[in-house]
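J.: I'd like to go over a predicted model; first the sequence, then the structure.
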Amino acid sequence: MSEPTYVLAVDQGTTSTRAILFDHSGSVVAVDQREHEQIFPRAGWVEHDGHEVWENTRMVIGGALGKANVNRSAVAAVGITNQRETTIVWDRTTGQPIANAIVWQDTRTGRLVEELAGDEGPRRYADRTGLPLATYFAGPKVRWLLDNVEGARERAMAGDLLFGTMDSWVLWNLTGGADGGLHITDVTNASRTLLMDLQTLQWDSDLCEAIGVPMSMLPQIRSSSEVYGVCHPGILDGVPVAGILGDQQAATFGQGCLERGMAKNTYGTGNFMLLNTGTEIVPSENGLLTTVCYRLGDEPAVYALEGSIAVTGSLIQWLRDNLDIISAAPEVERLARSVDDNGGAYVVPAFSGLFAPYWRPDARGAIVGLTRFVNRGHIARAALESTAYQTHDVLEAMNADSGVALTELKVDGGMTANDTLMQFQADILGVDVIRPVVAETTALGAAYAAGLAVGYWSSTDDIRANWQEGKRWSPVMDGGDRDRLLRGWDKAVQRTLDWVDEDVEQD
């Protein structure tokens, strides 16, 4: 029998699930993708149907293998990457979720995190977790489910319920589900829960007690690259699952940001910039997160500083689905290019508050600077520009925390296909912006983690060798124009703050 030819990555994202086959050069061989429903029960709430996500996962795995005209014998290993903080709780015996998954963008835990912060404030547990207390993270979402789904806390205390981020849900089902499925997560996903100690890389019993999550629910924490078990049953029966990385860490790994000081920015539903800080845990003084970047087997963990932006690509979806300004996401570039500038308009997409570097859950979205001159082209352009402005704010914080100004930025994700946005991004940052040949870096990172664990790739040197520059944008904007636009953006952000108070969005 011939040696397996490919590595399969399952990329369980916020809006869709994909399966991608990669060859040894890191090139895409076949891909299949299915969107899942975005459920909005009320303002600020965002949910996914766990059954739908798993069914889509099964479908895209079969779809990718079918498109490549291969079967499981061609697959050396499976890697998983996922939307990180999205939280699901299910019955360990039946495999039934007790409710829809609560998505990372969801803000229903706002009052809970304020209570948890108490007089010590949002950074009460930051020395152990690297994270502020915020609606973003998984731990408070678990607590909310236990407090609000009838009988859930009693079932959890009896040991009947399991909690996981979406990597754990996919892995559990891939490896047998209720019939012996593995309940595992990796260090990168565990570091997004507010329940793991960054130094020990283990669940912290004091944190679990304080937040109100029984430790019996928690998955075992493992490295990002090792053989966890094998798929069973199904079309991948017997294929090892050997890599797990949260989506942004996976993109960092796939971009080859393997040395301290290297950074990437992913443009997806939101934007996420990560700076590799090596084996050192670097606390942020400027509104960033300290997180695990990856851990390969028994090697020491590598850490990162992260700037998380909640709404970038999803703003374009909002223009399409809510305002009907465009009929398909790619149309936004043509519409934005129909005008010379933003016409004085700014869009601040604080749909879920503002994440890094502000961490203001009281903010809400706004379109400001409107005059009779502004048309839908200006709104489209302002929406695209908001992504670049938010990235600028994060990069300024990252430069301040690291003490070294980045001279170029590696980028990936769907929005990097938009040349207008990428040129504006380079102009606003004042540094070169570089997109690799293989833009599917999130899935590629998960594939690399899995392939390294089974010897498909011999070392991280193969990752470095595979990375190739695809396109580069250099800044051309006059410095005075850049400063004027950024002043306008700063004023727009200030207009969004303090919107949510006792009179707005009562539970």
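T.: Alright, I've got the coordinates.
J.: so what's the residue count around Thr266?
T.: The number of residues packed near Thr266 is 29, by other Cβ atoms under 10 Å. Where C-beta positions appear, they are placed from N, C-alpha and C, glycine not excepted.
J.: cool, and the one 4 residues further on?
T.: When neighbours are counted by other Cβ under 10 Å, Gly270 registers 25.
J.: now swap in Leu323 and tell me
T.: Neighbours around Leu323, by other Cβ under 10 Å: 12.
J.: quick check on it: phi, psi?
T.: Torsion angles at Leu323 (phi, psi; degrees, to the nearest 10) stand at phi -100, psi -20.
J.: look up how far Thr420 lies from it.
T.: As judged by Cβ to Cβ, to the nearest Å, Leu323 and Thr420 stand 19 Å apart.
J.: same check, this time on Val339
T.: Val339 is 11 Å from Thr420, by Cβ to Cβ.
J.: remind me, longest helix of the protein?
T.: In the chain, with assignment by DSSP state H, the single longest helix is helix 376-402.
J.: tell me which residues of stretch 112-128 are tucked away?
T.: With burial defined by 16 or more other Cβ atoms under 10 Å, the residues of stretch 112-128 counted as buried are Leu112, Val113, Leu116, Ala117, Pro122, Arg124, Tyr125, Ala126, Arg128.
J.: how close does the third one get to Glu280?
T.: Distance, Leu116 to Glu280, by Cβ to Cβ: 28 Å.
J.: do the fifth one as well
T.: Taken as Cβ to Cβ, the spacing of Pro122 relative to Glu280 amounts to 23 Å.
J.: show me where the stretch 301-450 of the chain has strands.
T.: Counting by DSSP state E, counting those that start in this stretch, one finds strands in the stretch 301-450 of the chain at the ranges 302-309, 346-348, 366-368, 408-412, 432-436.
J.: quick check: mean pLDDT of the second one?
T.: Read that as strand 346-348. The pLDDT scores in strand 346-348 average 96.
J.: check which helices and strands that strand sits against.
T.: Packing partners of strand 346-348 (3 or more Cβ pairs under 8 Å, 6 or more residues apart in numbering; DSSP states H and E): strand 366-368, helix 376-402, helix 479-496.
J.: what residues sit buried inside that strand?
T.: Tyr346, Val347, Val348.
J.: what strands line up against that strand, and which way round?
T.: Strands that pair with strand 346-348, judged by DSSP bridges, come out as strand 366-368 (antiparallel).
J.: off-centre distance for the strand it pairs with?
T.: Here strand 366-368 is found 26 Å from its chain centre; the criterion is Cα atoms, centre = their mean, to the nearest Å.
J.: mean confidence score for that strand?
T.: Strand 366-368 comes out at a mean pLDDT of 95.
J.: stretch 125-137 too?
T.: The average pLDDT within stretch 125-137 is 92.
J.: with stretch 50-69 instead?
T.: 96.
J.: ok, residues contacting that stretch?
T.: 6, 8, 10, 12, 16-21, 29-34, 36-37, 71-72, 74-75, 88, 90, 97, 100-101, 166, 169-170, 173-174, 234-236 (Cβ atoms under 8 Å, 6 or more residues apart in numbering).
J.: of those residues, select the buried ones using a PyMOL command.
T.: With 16+ other Cβ under 10 Å as the criterion, this PyMOL line picks the buried residues out of the contacts of stretch 50-69:
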select buried, resi 6+8+10+12+17+18+19+20+21+29+30+31+32+33+34+36+72+74+75+88+90+97+100+101+166+169+170+173+174+236
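J.: in stretch 452-460, what's buried?
T.: Buried residues in stretch 452-460 (16+ other Cβ under 10 Å): Leu452, Ala453, Val454, Tyr456, Trp457.
J.: now, these that are in helices?
T.: The helices, defined by DSSP H, take in Leu452, Ala453, Val454 from the buried residues of stretch 452-460.
J.: which residue ranges of the stretch 1-150 of the chain form strands?
T.: 6-12, 16-22, 28-35, 47-48, 75-82, 87-91, 101-102.
J.: how about a markdown table for those strands, with distance to Ala158 added?
T.: Output for the strands of the stretch 1-150 of the chain, formatted as a markdown table (distance: least, Cβ to Cβ, whole Å):
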| stretch | distance to Ala158 |
| --- | --- |
| strand 6-12 | 29 |
| strand 16-22 | 32 |
| strand 28-35 | 35 |
| strand 47-48 | 25 |
| strand 75-82 | 28 |
| strand 87-91 | 11 |
| strand 101-102 | 22 |
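J.: quick one: which of the buried residues of stretch 112-128 is nearest Leu288?
T.: Leu288 has its nearest neighbour among these in Ala126, at 10.9 Å by Cβ to Cβ.
J.: give me the mean pLDDT for stretch 466-482.
T.: 94.
J.: what residues does it touch?
T.: Counting by Cβ under 8 Å, 6+ apart, 25-26, 255-256, 419, 422-423, 425-439 sit against stretch 466-482.
J.: and the buried ones among those residues, selectable in ChimeraX?
T.: Listed next is the ChimeraX selection for buried residues among the contacts of stretch 466-482, using 16+ other Cβ under 10 Å:
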select :26,255,256,422,423,425,426,427,428,429,431,433,434,435,436,438,439
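J.: of the contacts of stretch 466-482, which belong to helices?
T.: Short answer: the contacts of stretch 466-482 in helices (DSSP H) are Asp419, Met422, Gln423, Gln425, Ala426, Asp427, Ile428, Leu429.
J.: what's the neighbour count on the nearest residue to the fourth one once chain neighbours are set aside?
T.: Just to be clear, that refers to Gln425. Spatially, and ignoring its direct neighbours in sequence, Gln425 is nearest to Ala388 (4.4 Å; Cβ to Cβ, 6 or more residues apart in numbering). The local packing of Ala388 (other Cβ under 10 Å) involves 23 other residues.
J.: OK, contacts around Ala388?
T.: Contacts of Ala388 (Cβ under 8 Å, 6+ apart): Leu421, Phe424, Gln425, Asp427, Ile428, Leu429.
J.: please repeat the previous calculation with a cut-off of 7 Å.
T.: Ala388 sits next to Leu421, Phe424, Gln425, Ile428 when contact means Cβ atoms under 7 Å, 6 or more residues apart in numbering.
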